[in-house]
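J.: 3D, please:
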Amino acid sequence: MSLQVVLVEPAGPLNVGSVARLCANFGIDGLRLVAPRCDPLGEEARRMAVHGVELLERASLWPTLEAALADCDRVVATSGRLEGPPLPLLPPADALAWLLEGSASPQANPVPKPTVAPGALVFGREDRGLANGELLQAGRLLQIGTGPSYSSLNLSHAVAVVLHELHTLRRGERSLAASPPPAAAGGAMVWADPCRRQDLEAALADAEALLLEVGFLLPHTSRARMAKLRALLQRAQVSEGEVALLRGMVCQLRWASRRRARSGSDT
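T.: Numbers count the residues shown, from 1 in each chain. Have a look, this model is predicted:
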């Protein structure tokens, strides 16, 4: 599995350069920057990157987090929030074990993919982290344990802690704390990889349009209610086949609803 580090709106060039160096230190494939608020290729960033300059120069720029994660399947986001996160907060070892399952776990009759979807580690802004809607782009939320008196970590320090833990798991120095996969008929083990972000977002957009059309959602409350649906699907770890099923159901329900509406108006 290719792994990408994603920084959302980084404001400090020193942090961006330091993260590029950390990616080089720990063998991360790529760096993605979402709407950076600094010059990621300026002198300060280059000075901190040291031997990670090449990776810094290859870093891709994205307008939104949704766009940056569209081709990813397993996404882990970091959060320092102590109350009210939209998904359960996990310690680094548990969240990262799930991230690595896609590459480390054997699969029985896996669904063929034209390319292997990358995994992503998402880090928020230096001053305010990630918003709830951004946290819901992830399948797991990671929290670094700190002392209660001052829990906020510098961005590059947080990346260092997480990448070191990831490196430890990758090298097998600590076993993956993954739950066992479900058993299929005949005793074969089936591992369900989550669908790619772009497929889940498309399914949610289709569902929201239908629910607004039939009156289940109202425009002024749709965002909050769709956030609950998104959290439910994230916890369920929806696979490619399952998201295709959901989209098919929505399309058929829309067709039936419009057909009934036409029939009623003809009558």
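
J.: Show me what counts as buried in the host helix or strand of V19.
T.: Assigned by DSSP states H and E, V19 belongs to helix 13-25. Across helix 13-25, burial judged by 16 or more other C-beta atoms under 10 Å covers 13-24. In short, each C-beta sits where N, CA and C put it, glycine included.

J.: same deal with stretch 246-266?
T.: 246-247, 250, 253-254.

J.: Please narrow those residues to those residing in helices.
T.: 246-247, 250, 253-254 (DSSP state H).

J.: Would you mind giving these as a markdown table with pLDDT added?
T.: Shown next, in a markdown table, are those (pLDDT from 0 to 100):
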| residue | pLDDT |
| --- | --- |
| L246 | 85 |
| R247 | 84 |
| V250 | 86 |
| L253 | 86 |
| R254 | 83 |
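
J.: Of those residues, which is the nearest to T64?
T.: Checking these against T64 by C-beta to C-beta gives R247 as the nearest, at 21.8 Å.

J.: who touches the closest residue to the closest one other than its chain neighbours in this structure?
T.: If you skip the residues right next to it in sequence, R247 has A203 as its closest partner in space, 4.9 Å away by C-beta to C-beta, 6 or more residues apart in numbering. Residues near A203 by C-beta atoms under 8 Å, 6 or more residues apart in numbering: 243, 246-247, 250.

J.: what's the spacing between the helix holding V19 and its chain's center?
T.: Chain-centre distance of helix 13-25: 21 Å, with C-alpha atoms, centre = their mean, to the nearest Å.

J.: Find the helix or strand that V122 is a member of.
T.: Element membership of V122 [criterion: DSSP H and E] is strand 119-123.

J.: Pull out the CA atoms of that strand and give them to me as CSV.
T.: What follows is strand 119-123, C-alpha atoms only, in CSV (Å, rounded to 0.1, in the frame of the first residue of the first chain):
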residue,chain,number,x,y,z
GLY,A,119,-3.9,5.0,2.3
ALA,A,120,-3.7,8.4,4.0
LEU,A,121,-2.7,10.0,7.3
VAL,A,122,-4.4,13.4,7.7
PHE,A,123,-3.2,16.2,10.0
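
J.: Check which helix or strand V6 maps to.
T.: Counting by DSSP H and E, V6 is found in strand 3-8.

J.: so that strand versus helix 13-25, what angle?
T.: In terms of direction (axes from the mean of the first three to the mean of the last three C-alpha atoms, to 10 degrees), strand 3-8 departs from helix 13-25 by 170 degrees.

J.: chain center to strand 3-8, what's the gap?
T.: Put simply, strand 3-8 sits 10 Å off its chain's centre (C-alpha atoms, centre = their mean).

J.: Helix or strand for the spatially closest residue to L142 that is not a sequence neighbour, just tell me which one.
T.: Leaving out its chain neighbours, the residue that sits closest to L142 by C-beta to C-beta, 6+ apart is A95, at 3.9 Å. When elements are assigned from DSSP H and E, A95 belongs to helix 92-104.
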